[in-house]
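S.K.: Build me a structure from this.
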Amino acid sequence: MDLFLVIVNIAILLVLIGVLIRMQQKHVSFSKRVFAGLGFGVLLGAYLQIAFGSSSEIVATTSDWYSIVGSGYVRLLMMIVVPLIMVSIIQSIINLEKSSELGKISGWIIGILVSTAMVSALVGVGTSLVFDLNAEQIEAGQAEQDRGIYLEEKLTEVQNMSTPKKILEFIPSNPFQDMTGARATSTIAVVIFSAIVGIAVLGVRRKKPDEAALFIKGVNAVYAVVMRIVTLVLRLTPYGILGLMASTVARTDVAGIVELGKFVMASYVALAVMFVIHLLMISFAGLNPLTYLKKVLPVLSFAFTSRSSAGTIPLNISAQKNSLGVDEGVANMSASFGATIGQNGCAGIYPAMLAVMIAPTVGIDPLSPGFILQLVIIIGISSFGVAGVGGGATFAALIVLSSMNLPVALAGLLISVEPLIDMGRTALNVNGAMTSGTLTSRILKRFNIEKFNDKNAVEKDIAV
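M.R.: The predicted structure follows:
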């Protein structure tokens with residue numbers, strides 16, 4: 001009987017996929033199909049949750065089958081991340097008039113990412129105080145205790161990684177190893193290696209123009225093929241979001257969310273405030289924030305459902321370049337750097353909220369100006385080096401809490417709501433990357449305002 005129910009659940013997914021295919025055949029816009037997939041996923045997941053329960057064997061088996069669509073799509077995106085970054089950055093640098101422009105682009109992107117992470121820390125502090133969050137108010141069950149022990153074990157690994165060592169991790173020693181994604185800093189390492197190749201080509205072009213022309217021709221050919229692969233994969237976005245969202249909703253621990261509802265609400269209020277700050281920054285740059293929001297929503301929807309900043313890189317680059325009018329080189333660098341540096345959600349808001357919650361348990365006043373200033377500075381520094389240890393929000397929290405001499409085990413109290421909050425954090429991380437790219441391109445006068453204002457400047461190749 002259980003097998004029959006699983007088959008029925010799979011059949012429902014296939015029917016919904018058929019609906020999305022039909023919408024594509026009728027030339028429904030890409031954005032509408034993405035949101036349709038998101039809506040279908042929520043409804044399907046809610047049905048599974050209500051009918052069978054999040055911890056049932058039927059839901060577990062059904063989710064395994066759904067992962068072929070959802071997780072399979074994420075794998076395809078991860079497959080094209082490295083080749084996309086490499087050829088895009090090399091080609092972008094080749095098109096620069098001076099190699100010094102690369103430094104300006106990188107400086108502005110990283111500066112915006114880190115500074116917004118510090119602002120997001122203040123937002124996290126303020127929200128925690130407004131909601132009066134305190135770790136002592138949360139009861140620790142077995143799962144929470146086990147998570148606390150795990151975090152304490154990981155703390156040793158984090159403490160042994162000094163800031164200089166984190167920075168050294170960015171520098172590639174074996175670019176071929178980094179192309180496999182073997183290290184937490186592989187994405188940044190590939191960016192650096194690609195930049196070095198691009199700069200080298202500029203030098204060769206001055207001294208040996210014929211050899212440079214041959215290399216450039218090859219890069220352009222590879223770029224054309226890679227971009228075609230990107231287009232083919234991105235067309236699967238509505239189906240991927242459907243599978244991911246259905247599994248996520250179906251397996252969500254509703255009881256845990258109810259118990260920690262105050263923290264969940266405070267977290268999403270903080271995320272919403274930071275989103276508004278991003279839009280204000282866009283507005284101050286002379287751009288319409290509503291136009292920006294409309295064009296980035298499909299990307300943020302995928303980031304929300306997939307919980308993968310790295311997996312969102314192809315969508316991020318494509319939207320910046322084709323929808324927002326951001327310079328191609330800026331789009332590539334902002335998406336790549338933003339996946340590992342200055343993450344506003346994971347490295348900013350989350351550790352700040354944890355620090356404010358935990359501080360009273362050890363007799364520290366979280367309202368103290370000294371405490372807040374120290375926290376913001378540490379978050380600014382650590383947001384640049386989180387990628388050096390890998391692990392996203394968990395390691396960001398470990399770095400910040402240990403630097404503030406706060407107990408890290410109490411962070412394990414939030415394990416039951418971690419996936420739900422991580423969805424919003426990832427969307428904010430990606431939006432921070434897109435904001436940094438948009439602002440940098442605007443500041444350096446490499447921005448196509450006509451494309452930004454063109455309502456039809458969307459993923460035309462993807463939408464067919």
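
S.K.: Quick check: pLDDT value at the residue nearest to residue 240 when sequence neighbours are not counted.
M.R.: Nearest non-adjacent residue to residue 240, counting by C-beta to C-beta, 6 or more residues apart in numbering: residue 73, 2.8 Å away. No exception for glycine: its C-beta is placed from N, CA and C like everyone else's. The model reports residue 73 with a pLDDT of 88.

S.K.: Count the neighbours of residue 73 for me.
M.R.: By the criterion of other C-beta atoms under 10 Å, residue 73 has 26 neighbours.

S.K.: again with residue 347
M.R.: 35.

S.K.: ok, it touching residue 382?
M.R.: Yes. Residue 347 lies in contact with residue 382 (C-beta atoms under 8 Å); the separation is 6.5 Å.

S.K.: shared neighbours, the two?
M.R.: Common neighbours of residue 347 and residue 382, counting by C-beta atoms under 8 Å, 6 or more residues apart in numbering, are residue 396.

S.K.: In three-state terms, how would residue 309 be classified?
M.R.: At residue 309 the chain is in coil, as set by DSSP: H, G, I helix; E, B strand; the rest coil.

S.K.: That one and residue 24: what is the separation?
M.R.: When distance is defined by C-beta to C-beta, to the nearest Å, residue 309 is 27 Å away from residue 24.

S.K.: More neighbours: which of those two?
M.R.: residue 309 (26 against 16).

S.K.: Give me the phi and psi angles of the more buried one.
M.R.: With angles defined as degrees, to the nearest 10, residue 309 sits at phi -70, psi -40.

S.K.: ok, the closest residue to it other than its chain neighbours - contacts?
M.R.: Of all residues beyond its chain neighbours, the one nearest residue 309 is residue 339 (4.4 Å), with distances taken as C-beta to C-beta, 6+ apart. Counting by C-beta under 8 Å, 6+ apart, residue 339 touches 187, 309-310, 312-313, 429, 433.

S.K.: Which of these ranks first by neighbour count?
M.R.: residue 433 (34 neighbours).

S.K.: correct me, but that one touches residue 315?
M.R.: No. At 11.1 Å, residue 433 does not count as touching residue 315 under the criterion of C-beta under 8 Å.

S.K.: What mean pLDDT does stretch 324-334 get?
M.R.: Computed over stretch 324-334, the mean pLDDT rounds to 88.

S.K.: Let me know the secondary structure of residue 182.
M.R.: Under three-state DSSP, the three-state class of residue 182 is coil.

S.K.: so who does residue 172 touch?
M.R.: Taking C-beta under 8 Å, 6+ apart as the test, what residue 172 contacts is 178, 189-190, 192-193.

S.K.: redo that, cut-off 10 Å
M.R.: Residues in contact with residue 172 (C-beta atoms under 10 Å, 6 or more residues apart in numbering) are 178-179, 183, 185-186, 188-194, 196.

S.K.: which pair in those residues spans the largest distance?
M.R.: Spanning the widest gap among those are 183 and 196, at 17.4 Å by C-beta to C-beta.

S.K.: Neighbour count: these two, which is higher?
M.R.: Neighbours around residue 183 and residue 196, counted as other C-beta under 10 Å, are more numerous at residue 183. The numbers are 19 against 14.

S.K.: Quick check: that one vs residue 86, distance?
M.R.: Using C-beta to C-beta, one gets 16 Å for the distance from residue 183 to residue 86.

S.K.: go on, residue 306?
M.R.: Residue 306 is 22 Å from residue 86, by C-beta to C-beta.

S.K.: Please identify which of the two sits among more neighbours.
M.R.: Using other C-beta under 10 Å, the more surrounded residue of residue 306 and residue 86 is residue 306, with 26 against 23.

S.K.: Low-confidence ranges, the stretch 201-350 of the chain, go.
M.R.: 255-260 (pLDDT under 70).

S.K.: who touches both of residue 433 and residue 315?
M.R.: 299, 303, 335.

S.K.: who wins for neighbours among those?
M.R.: Neighbour count (other C-beta under 10 Å) singles out residue 335 as the most crowded of the shared contacts of residue 433 and residue 315, with 35 neighbours.

S.K.: okay but it is in contact with residue 311, surely?
M.R.: No. Distance between residue 335 and residue 311: 11.4 Å, which falls outside the contact criterion (C-beta atoms under 10 Å).
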